[in-house]
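No letters, just coordinates:
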């Protein structure tokens, strides 16, 4: 196989010898664009997700197969999983999954947590050290807020606000300690390694959940470290992301004006916080929130004949202008009420879905869908900016989200 440079030289030489000058330059430009697209595809992250609409619990075996198939989409510098419904009997408690670089940092994090929460249970996260020997420390804390509603600081009135505020403070104040996830009846497991390494390291065959997320990371302009791996979580919301958020700066400043602070050194973190802000705090539907983040172009809005829809889109674009995500991206989001996907409004990153036998599946590649369900009858590829929303048949007690 010739190298990329040699292929380019051969094509240019052939075109120069056989074609007129104009065709020579057109052929050369087309070939460069094609090879650039091929190389960009090789650098894309991998995404997979599945959800049981009847909340049937299962191990992560199927999601592991789907993301391991996409192994070439990563480079071993990050992978992770998110699972919901894995702590039966503790559904009403927040599960703080804390990672710490040292035992001292973990002790300081535990002291911080006991000061802010009532801890019902604390235990080390089981890991298999033979897979990855150099790793942080991990612990679960099953908690509820220690301070009653009426005595909390402004911005901490609800339990979710209290938890997310305290965990952002922990990320900032306790050096070497970070919260991987903070939701109820769920956890995020992530780190530096391949998808198979991380699955085996956290012994995910021992957990059963009714929805699973998976990610294989190829970091480009942000560091590959344990806290920077996906999924990212903000209380109820967990996201995996393929692409690049070039609007990170303005998105981050907008979030900071609403009390959110980013500490994980990656652009993907803002997406989890944006969904928490727009849907949980502002009360937007999933459809409106996804429209705010990936709105249609103004030219598209202006051509609409439906005046009510035109007014809705205009208001979302104006009010939530600073939440718009620029750049190529595909995002998969899981929460206590279901799962949904979203791509940028020109769809520069892939997303495919399928629904069968009470399950909905999501993946970056069609082949990964078949790893989760062999006999799929219909596969759906959403349009650019079109969300695919899969909700549970039985709403969760703590989910008041509408599609």
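That came through, no problem. Just so it is clear, the structure is predicted and the values come from calculations on it, not from any experiment.

List the contacts of residue 253.
Shown in contact with residue 253 (CB atoms under 8 Å, 6 or more residues apart in numbering): residue 322. C-beta here means a position set from N, CA and C on the backbone, and glycine is covered the same way.

so which helix or strand takes in it?
Per DSSP states H and E: residue 253 is located in helix 248-256.

Show me the helices in the stretch 301-403 of the chain, by range?
Using DSSP state H, counting those that start in this stretch, the helices found in the stretch 301-403 of the chain span residues 307-319, 366-372.

Identify each buried residue in the last one, please.
What it means is helix 366-372. Neighbour-count burial for helix 366-372, counted by 16 or more other CB atoms under 10 Å, picks out 368, 369, 370, 371, 372.

And for the first one?
Taking 16+ other CB under 10 Å as the neighbour-count basis, helix 307-319 is seen to contain the buried residues 312, 313, 316, 317.

Please name the residues that touch residue 323.
Counting by CB under 8 Å, 6+ apart, residue 323 makes contact with 251, 254, 274, 277, 278, 292, 293.

now do residue 126
202, 203, 206.

Equivalent analysis for residue 170, please.
Applying CB under 8 Å, 6+ apart, we find residue 170 in contact with 98, 109, 112, 113, 177, 178, 179.

which stretch of helix or strand covers it?
helix 159-173.

Now do that helix, average pLDDT.
Mean pLDDT, helix 159-173: 96.

coming back round to it: and the contacts of residue 126, which of them are buried?
Buried members of the contacts of residue 126, scored by 16+ other CB under 10 Å, are residue 202.

returning to what we had before: of all the helices of the stretch 301-403 of the chain, which one is nearest residue 189?
Among these, the nearest to residue 189 by CB to CB is helix 366-372 (18.4 Å).

What helices and strands are in contact with that closest one?
The elements that helix 366-372 packs onto, with contact taken as 3 or more CB pairs under 8 Å, 6 or more residues apart in numbering; DSSP states H and E, are strand 46-52, helix 61-68, strand 352-356, strand 359-363.

Just the residues contacting the longest one, thanks.
Read that as helix 61-68. Counting by CB under 8 Å, 6+ apart, 46-50, 79, 81, 194-196, 199, 204-205, 212-216, 361, 363, 368-369, 371-373 sit against helix 61-68.

go on, the third one?
Where contact means CB under 8 Å, 6+ apart, the residues beyond strand 352-356 that reach it are 341, 360-366, 369, 373, 375-382, 388, 390.

Make a ChimeraX selection of whichever of those turn out to be buried.
A single ChimeraX command is used to select the members of those judged buried by 16+ other CB under 10 Å:
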select :341,360,361,362,363,364,365,369,373,382,388,390
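
returning to what we had before: buried subset of the contacts of helix 61-68, written for ChimeraX?
Buried residues within those, by 16+ other CB under 10 Å, are selected in ChimeraX with:
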select :46,47,48,49,50,79,81,194,195,196,199,204,212,213,214,215,216,361,363,368,369,371,372,373
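
any weak-confidence spans in this protein?
1-43, 394-400, 402 (pLDDT under 70).

returning to that earlier point: can you put the contacts of residue 170 in a markdown table and add neighbour count, secondary structure and distance to residue 63?
Listed next are the contacts of residue 170 as a markdown table, based on neighbours: other CB atoms under 10 Å; DSSP: H, G, I helix; E, B strand; the rest coil; distance: CB to CB, whole Å:
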| residue | neighbour count | secondary structure | distance to residue 63 |
| --- | --- | --- | --- |
| 98 | 27 | strand | 24 |
| 109 | 26 | helix | 29 |
| 112 | 18 | helix | 32 |
| 113 | 24 | helix | 29 |
| 177 | 26 | strand | 28 |
| 178 | 23 | strand | 24 |
| 179 | 26 | strand | 23 |
